[in-house]
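# Sequence below, structure please.
(chains A, B, C and D)
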2 protein chains.
Amino acid sequence: MATGRPGGRVRLQDVADLAGVSMKTVSNVVHDYEHVSDQMRRRVQTAIDELGYRPNLTARRLATGRTGMLALAIPELDQPYFAEIARHIGEEAGRRGYRIIVEQTLSDVEAERAVIRDREEGLVDGVIFHPARIDTLEIARLRPDTPLVLLGEAARPLTTDHVMIDNVRAAREGTERLLQAGRRRIAFLATVRTDITESTRLRLIGHQEALVAAGIPLDPAFVIESDGFDMADGVRALEEALARGIEPQAVLCRDDLFALAAMRALSNAGLRVPDDVSVLGWDDTALARFGTPPLSSISPDKRAIAATALDLLEDRMKGYDGIGRHRIAPHTIEDRGTIA
Amino acid sequence: MATGRPGGRVRLQDVADLAGVSMKTVSNVVHDYEHVSDQMRRRVQTAIDELGYRPNLTARRLATGRTGMLALAIPELDQPYFAEIARHIGEEAGRRGYRIIVEQTLSDVEAERAVIRDREEGLVDGVIFHPARIDTLEIARLRPDTPLVLLGEAARPLTTDHVMIDNVRAAREGTERLLQAGRRRIAFLATVRTDITESTRLRLIGHQEALVAAGIPLDPAFVIESDGFDMADGVRALEEALARGIEPQAVLCRDDLFALAAMRALSNAGLRVPDDVSVLGWDDTALARFGTPPLSSISPDKRAIAATALDLLEDRMKGYDGIGRHRIAPHTIEDRGTIA
DNA sequence: GTGAAAGCGCTAACAG
DNA sequence: CTGTTAGCGCTTTCAC
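This next block holds a predicted model:
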């Protein structure tokens, strides 16, 4: 394991010297190049083992131009939905020979700009980005020269590849399930006052479409408003709505955290789920799966989202330069008993 | 925004050419070097903006030997505890000017070996690694030449820096709290048959220390065994224990997921928390915070863990080469009402 | 089949 | 204060 070069790492040249061959030959062995005599291969391999040689990846990159790394930029690593997406993207990327560098934007506008502007220059071969704040126009304008695929609903420039689920349809189907369970007075938890997000908007639209289709008049009192995205905000919002006298038979929630908020508010009000009120969450995260009772939840196919994003990105990295493609990933409704 | 070099990226040399100066001068401007005349600075900056120049990070690395990146290797990105650790380490690293590349080992032995052997060669300046499978001996043997800090209890070679909480003490304190609440028959959920982990072992020891100190005889029936780490395993384990006739007044759980399992098993058995049985979780993850009722949980200070790990790692990266230092991060007991 | 040499784009020592 | 130049370690033509 002694290097011979005090302080320094073992380089390709050192191996070549020890084996008495040129760098090219060593390189051939390292890369399993076919036309190398068995004897040569063994000799070089011995030298490699003896010195404990490992190729320097940074140098390889500079020479090849490829980095083998992808950036995944998401708002927060510890929000269950993003953690699960990150896991799947990490797994799928690993399968395809890429490694992931994770960028937490913390929903900060500047951090998001940096992601598509220059933060990844020469560092990664491509970027998968779930924006929260930045909008369609700005992404189109900053148009990075690194291949980019967008996730989520926040921004969907025509020029950029995109993967998401059909939020309107999923919401419609969710509401239909609640209707089928005999619920008529269905609340939506919640639109967020400070920050009406696109995904909330789409989900609300789908929800209302289903109501209209069922001939149920839209009642604004059933579209609950929350002050923020925290669980406490959701609890308070629903409690206030109940206090104002609405008597929902079901609550469709914009995410699982709000579904948990609904559970708590209903529990506080002495209402039972699903006997008195149905609850349907969204995202199908650990939060929904592991509570008591486990929550029914609208479930984006996260594996499919990951695989599709990688597909699109690989096309771009291979040079595809056409217009942005928008892919819809499938979703299901996981019924764990809080619907009916 | 036109580069002038069809197909290629804009390089330092291109900027120098356009500005009519040398590369060194451009470099000085890029690095905000002090001794540059204002006029020069402006001239160069104009050229930079005009060409849209961004330094190639890979090349910079090769030249400096520093990568500015750290690897974080954890079993699974979507396990709440690890997701939260990853978030804090990401934030803390960002504050210190590093970026994080995340390695999911999925608790695979080979993947773990790769992490400390060669996976990161020349790619990162240091590695923070939470091993699951690999042991102390092997880490000492593979001794990487990249600075390394270990997290968790699985492996603690004397030669390697390490951060963890005092599991024995935390468990003892947790059990003491349950005793103070008047509980005497306290079950431990659970040891895992297939894979007795070091952290479970330490937690069980602390638990039993507290019982002995309180003069309560140890009853093996209260140390529950589970077939695996899944929630379903935990539920089944506790249900079987209840069926065998134990009547615990409290359950100390090795993690929050098992605490949720306890909640479900107890609920299935018609027992109320905390009126009939107290439940205390471990890790203080979103799972504990957001359920109904919210769970009391032993809470490792994840921010402190992240900061300490970075401190140790930075020392190593600056050349510190002494013996391994073992740091204990603080913990608290978050009582959300399921103890008393 | 194998070797020599020219980069990849940037930094840093050393002149000037 | 600014310019020149020699690497960082690897890949990759192009000869031999």
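
# Flag every buried residue along stretch A:160-173.
For stretch A:160-173, the neighbour count (16 or more other C-beta atoms under 10 Å in any protein chain shown) marks A:160-168, A:170-173 as buried. From N, CA and C alone the C-beta is placed, and that goes for glycine too.

# which pair in these spans the largest distance?
A:T160 and A:E173 (27.4 Å; C-beta to C-beta).

# From B:A329, how far out is A:E84?
26 Å (C-beta to C-beta, to the nearest Å).

# Of these two, give the one with the bigger neighbour count.
Ranked by neighbour count (other C-beta atoms under 10 Å in any protein chain shown), A:E84 and B:A329 place A:E84 first, with 22 against 19.

# sec struct for that one, please.
Counting by DSSP: H, G, I helix; E, B strand; the rest coil, the backbone at A:E84 sits in helix.

# Now do the contacts for it.
A:E84 is in contact with A:T285, A:A286, A:K302, B:D78, counting by C-beta atoms under 8 Å, 6 or more residues apart in numbering or on different chains.

# Most neighbours of all those, which one?
A:T285 (27 neighbours).

# if we can go back for a sec, quick one: mark the members of the buried residues of stretch A:160-173 that sit in helices.
Using DSSP state H, the subset of these located in helices is A:N167, A:V168, A:A170, A:A171, A:R172, A:E173.

# Contacting chain B as well, which ones from those?
With the criterion set as C-beta under 8 Å from any C-beta of the partner chain, no member of these is near chain B.

# Would you reformat those as JSON lines and include pLDDT?
Listed next are those as JSON lines, based on pLDDT from 0 to 100:
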{"residue": "A:N167", "pLDDT": "97"}
{"residue": "A:V168", "pLDDT": "98"}
{"residue": "A:A170", "pLDDT": "98"}
{"residue": "A:A171", "pLDDT": "98"}
{"residue": "A:R172", "pLDDT": "98"}
{"residue": "A:E173", "pLDDT": "98"}
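
# Just name the closest of the residues you listed to DNA strand C, please.
Nearest to DNA strand C among those: A:N167, at 41.3 Å, using C-beta to the nearest atom of the strand.

# hang on, that closest one packs against A:G206?
Yes. The criterion here is C-beta atoms under 8 Å, and A:N167 meets it with A:G206 at 6.4 Å.

# Where does pLDDT dip in the stretch 1-150 of chain A?
Filtered on pLDDT under 70, the stretch 1-150 of chain A yields the residue ranges A:1-8, A:118-120.

# near DNA strand C, which residues of it show up?
For the stretch 1-150 of chain A, the residues in contact with DNA strand C (C-beta under 7 Å from any atom of the strand) are A:20-25, A:28, A:35-37, A:40, A:62-63, A:65.

# Pull out the buried members of those residues.
For those, buried by 16+ other C-beta under 10 Å: A:V21, A:T25, A:N28, A:L62.

# Toward the C-terminus, what is the element adjacent to the particular helix or strand that has A:A93 in it?
A:A93 is part of helix A:80-95 when elements are defined by DSSP states H and E. Next along the chain after helix A:80-95, taking DSSP H and E as the criterion, comes strand A:99-104.

# List the neighbouring strands of that next one plus their orientation.
Its sheet considered, strand A:99-104 pairs with strand A:69-74 (parallel), strand B:99-104 (antiparallel) by DSSP bridges.

# tell me the angle of the first one relative to helix A:80-95?
For strand A:69-74 and helix A:80-95, the angle between their directions (axes from the mean of the first three to the mean of the last three C-alpha atoms, to 10 degrees) works out to 170 degrees.

# Tell me how far strand A:69-74 lies from the chain's centre.
With C-alpha atoms, centre = their mean, to the nearest Å as the basis, strand A:69-74 stands 10 Å off its chain's centre.

# what's in contact with that strand?
Contact with strand A:69-74 is made by A:82, A:85-86, A:89-90, A:93, A:98-105, A:112, A:115, A:119-120, A:123-130, A:313, B:101, as judged by C-beta under 8 Å, 6+ apart.

# now the last one
Contact with strand B:99-104 is made by A:69, A:86-87, A:90-91, A:94, A:99-103, B:68-77, B:86, B:89-90, B:93-94, B:111, B:115, B:119-120, B:123-124, as judged by C-beta under 8 Å, 6+ apart.

# all helices for the stretch 201-340 of chain A, in order.
A:231-243, A:256-268, A:286-290, A:302-317 (DSSP state H, counting those that start in this stretch).

# Quick check: buried residues in the second one?
Read it as helix A:256-268. Residues of helix A:256-268 classed as buried by neighbour count (16+ other C-beta under 10 Å): A:D256, A:L257, A:F258, A:A259, A:L260, A:A261, A:A262, A:M263, A:R264, A:A265, A:L266.

# That helix - contacts with which helices or strands?
Helix A:256-268 sits against strand A:186-192, helix A:231-243, strand A:250-253, strand A:278-282, helix A:286-290, with contacts defined as 3 or more C-beta pairs under 8 Å, 6 or more residues apart in numbering or on different chains; DSSP states H and E.

# tally of neighbours for A:L242?
Quick note: A:L242 (other C-beta under 10 Å) scores 19 neighbours.

# pLDDT score for it?
We have a pLDDT of 97 for A:L242.

# That one contacts A:A269, correct?
Yes. Between A:L242 and A:A269 there is a contact under C-beta under 8 Å: 5.4 Å.

# Show me what A:I74 is bridged to.
Here A:I74, judged by DSSP bridges, has bridge partners A:Q104.

# Tabulate the helices and strands packed on helix A:256-268 in CSV, adding columns for distance to chain B.
Below are these laid out as CSV (distance: least, C-beta to the nearest C-beta, whole Å):
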stretch, distance to chain B
strand A:186-192, 15
helix A:231-243, 5
strand A:250-253, 13
strand A:278-282, 11
helix A:286-290, 5
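
# which parts of the stretch 51-200 of chain A sit against DNA strand D?
A:Y53, A:P55, A:N56, A:A59, A:R60, A:L62, A:A63, A:T64.

# Show the buried residues in these.
Counted by 16+ other C-beta under 10 Å, those give A:Y53, A:P55, A:N56, A:R60, A:L62 as buried.

# Quick one: the residues you listed as JSON lines, columns for secondary structure and distance to B:I134 too.
Below are these laid out as JSON lines (DSSP: H, G, I helix; E, B strand; the rest coil; distance: C-beta to C-beta, whole Å):
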{"residue": "A:Y53", "secondary structure": "coil", "distance to B:I134": "23"}
{"residue": "A:P55", "secondary structure": "coil", "distance to B:I134": "23"}
{"residue": "A:N56", "secondary structure": "coil", "distance to B:I134": "24"}
{"residue": "A:R60", "secondary structure": "helix", "distance to B:I134": "27"}
{"residue": "A:L62", "secondary structure": "helix", "distance to B:I134": "32"}
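
# Please list which of the residues you listed also come close to chain B.
Contacts with chain B within these, counted by C-beta under 8 Å from any C-beta: A:P55, A:N56, A:L62.

# Quick check: of those, which lies closest to B:I246?
Using C-beta to C-beta, those come closest to B:I246 at A:P55, 57.6 Å.

# Quick one: low-confidence residue ranges for the stretch 151-300 of chain A.
Using pLDDT under 70, the stretch 151-300 of chain A drops low at A:196.
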